Structures are given as structure tokens and as C-alpha cells.
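> please find the sequence and the predicted model below.
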Amino acid sequence: MDVLTFFQQMVNGFSLGSMYALIAIGYTMVYGVLRLINFAHGDIMMVGAFLGYTFMEVFQLPFTLSILLAVVVSSLLGIFMDKIAYKPLREAPKISLLITAIGISFFLENAFTVFAGGVPRAFPVPSYMENVINVANITFSISSITVPLVTLVLLLGILYVLYKTKYGMAIRALSFDIKTVNLMGIDANLIISIVFALGSALAAVGGLFWAINYPSVEPMMGVLVGLKAFAAAVVGGIGSVTGAVIGGFIIGFTEVVVIAFFPELGGYKDAFAFVFLILVLLFKPTGIMGEDLEKSRF
């Protein structure tokens with residue numbers, strides 16, 4: 001493989017990794033606060049993509065407005081999901097929360113299969129998102145540039161909220177001890193709702209970008225992507241927002257670059273994320289950024 005092809009694959013990996021990173025941040029934030037692996041998170045990504053499709057294709061709304069509405073509705077869905085399914089189980093064993101998360105995941109997948117059908121639908125990508133820029137014989141689509149930039153901006157926004165606002169301070173305090181936070185007069189349920197809203201919004205953004213780059217939507221689209229994003233969160237150190245982004249980029253680069261070097265392994269590309277996850281856990285079980293999580297989360 002020549003140098004030009006290598007850099008082209010690096011661009012592709014950067015874009016793919018950004019989408020994994022957006023979804024992985026939601027996983028890691030919910031885990032950091034509740035010690036819950038929210039396996040319905042990947043399906044929130046699917047819901048966000050379907051909402052964007054519906055607003056554009058059915059209601060004929062502009063692209064930007066459709067994206068904003070899809071993100072807002074997905075955030076509200078995350079809050080509703082917490083209120084209905086997780087809040088009543090705050091004091092229950094963690095396995096109950098985990099089983100509930102799996103149940104919500106199945107419910108969303110089957111509900112959308114019943115109402116939307118299981119056949120993939122073409123996502124209406126704006127023509128300007130498909131424009132191609134050529135720099136030194138390396139091609140960039142507008143979407144492949146937009147995804148990493150949006151990921152960076154959202155990461156900085158999340159870090160600002162966590163470290164520079166009172167709500168962020170409350171989130172970090174909540175990650176250590178919910179009962180103590182309640183005794184200090186902080187509404188823990190409100191803070192948890194904010195965490196679910198932020199995580200669901202990021203998942204929706206990731207789902208919309210996925211639908212733009214791989215222009216179709218279908219009810220099962222969030223299953224494998226969600227698992228890879230979870231792997232990215234664990235690789236980066238689950239509980240660390242920065243680690244989730246690093247893990248997303250690593251999984252994205254691994255998936256793209258390995259196939260570029262070994263095209264004959266293209267049929268096994270989905271396995272690379274989990275092979276890398278196993279290797280990381282063998283040598284660093286806490287993940288790349290997970291060493292000091294008991295002292296400082298997020």
C-alpha cells in the first residue's frame with residue numbers, strides 16, 4: 001500500500017472513529033454516574049437517525065432544523081427512559097438495571113420494526129454534504145470533515161460543562177456517592193436526567209452522521225455500532241469522557257487501516273474492534289485513561 005492510500009485510509013478512519021466516539025461518550029457518562037451499562041444507548045442512535053429521516057422525508061423540513069429536532073427529541077427520550085425504567089430501580093441490584101437496559105433495547109428495535117418496517121430506507125443526504133475536496137490527491141467529502149470537527153466541538157462542550165459549571169460539579173460529585181449528594185441538597189434525579197439527556201443527544205448526533213455517511217436507516221442499525229462504541233468506551237477507560245473519544249478513534253482507525261493492509265480480511269472487519277478490546281483488557285484492564293478513575297472521574 002502506497003503512502004497516498006495510507007493517508008486516505010487515515011482520513012476514513014478519523015471520520016469513522018469520530019462517530020464511535022460520539023456514541024461512546026454517552027456510554028461512559030451514564031456508567032460514570034450510575035455504574036450502568038446502558039445497552040439501549042445504541043438504539044437511541046437509531047432513533048435519532050430515524051427522527052432525522054422522518055422530519056426531512058415525511059414533514060419536508062430543512063436539513064438543519066431536522067437535525068436539531070432529532071437531537072432534542074432524542075434527549076427527551078433519554079430523560080423519559082430514565083424516569084420510566086431506571087429511576088424506579090435506583091436501589092435495586094445492578095443486574096436489574098442491566099436487564100432493564102437490554103429490555104428497552106429490544107423494545108425499541110421491535111417497535112421500530114413494527115411501525116417502520118425492517119427494510120432499510122435511503123436517508124435523504126443533502127447534496128452539499130456529498131461534495132468532495134481534493135488536497136494533494138487525498139479526497140475529503142464534506143461529511144468526513146464535518147464529523148471530526150463536530151466531535152471535537154462537542155467534546156470541548158462536554159468538558160466545559162463537567163469542569164466549569166455547577167451542573168458539571170454536581171455530575172462529578174454524583175459519580176462518587178449519590179446518597180451524599182442528596183444530603184447536600186442536590187437533586188440527584190435531576191442531575192441524572194441531565195446526564196441521560198446529554199448522552200442521548202450525542203448518540204443522536206452520531207446516528208445522524210452515520211446515516212449521512214452510510215445513507216440508509218433501519219431498526220437494527222444501532223446494534224453492532226452500539227457494541228463497537230461500547231468497546232471504544234472500555235478501551236479508552238469507561239468513566240472517562242476523553243478516554244471514550246480516544247477509544248473511538250482507536251477502534252475506527254483499527255477497523256479501517258487493518259482492512260486497508262489486509263483486504264482479504266474485509267469480511268471480518270467487525271471483529272477487529274473486539275479483538276483490540278480483548279488485547280487492551282489483557283494488558284490494561286482499566287482501559288487507557290481508566291487508571292485514576294476512583295480518584296477523578298470524567
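That came through, no problem.
> which stretch of helix or strand covers Gly26?
Using DSSP states H and E, Gly26 maps to helix 3-34.
> which strands and helices sit next to that helix?
Applying 3 or more C-beta pairs under 8 Å, 6 or more residues apart in numbering; DSSP states H and E, one finds that helix 3-34 makes contact with helix 41-53, strand 138-141, helix 142-164, helix 166-174, helix 188-213, helix 221-236, helix 241-261. (Glycine included, C-beta is placed from N, CA and C.)
> go again using 7 Å as the cut-off
Packed against helix 3-34 by the contact rule (3 or more C-beta pairs under 7 Å, 6 or more residues apart in numbering; DSSP states H and E) you find helix 41-53, strand 138-141, helix 142-164, helix 188-213, helix 221-236, helix 241-261.
> out of those, which comes closest to Asn182?
Closest to Asn182 of those is helix 188-213 (C-beta to C-beta; 5.2 Å).
> can you name the next helix or strand after the closest one?
With elements assigned by DSSP H and E, the helix or strand that comes after helix 188-213 is strand 216-217.
> mind listing the strands that following strand pairs with, and their directions?
Using DSSP bridges, strand 216-217 pairs in its sheet with strand 121-122 (antiparallel).
> neighbouring contacts of the partner strand?
Strand 121-122 has contacts (C-beta atoms under 7 Å, 6 or more residues apart in numbering) with Tyr53, Pro215, Ser216, Val217, Glu218.
> check which element follows that strand along the chain.
Next in sequence after strand 121-122, counting helices and strands by DSSP H and E, comes strand 132-135.
> what strands line up against that following strand, and which way round?
Partners of strand 132-135 in the sheet, by DSSP bridges, are strand 138-141 (antiparallel).
> may I see the buried residues of the partner strand?
Phe140, Ser141 (16 or more other C-beta atoms under 10 Å).
> what's the answer for stretch 174-188, then?
Buried residues in stretch 174-188 (16+ other C-beta under 10 Å): Leu174, Ser175, Ile178, Val181, Ile186, Ala188.
> do the same with stretch 95-113
Of the residues in stretch 95-113, Leu97, Thr100, Ala101, Ile104, Ser105, Leu108, Glu109, Phe112 count as buried by neighbour count, 16+ other C-beta under 10 Å.
> over to stretch 63-76?
Applying a neighbour-count criterion of 16+ other C-beta under 10 Å, one finds Phe63, Ser66, Ile67, Leu69, Ala70, Val71, Val73, Ser74, Ser75 buried in stretch 63-76.
> what does stretch 278-286 give?
The neighbour-count check on stretch 278-286 (16+ other C-beta under 10 Å) flags Val280, Thr286 as buried.
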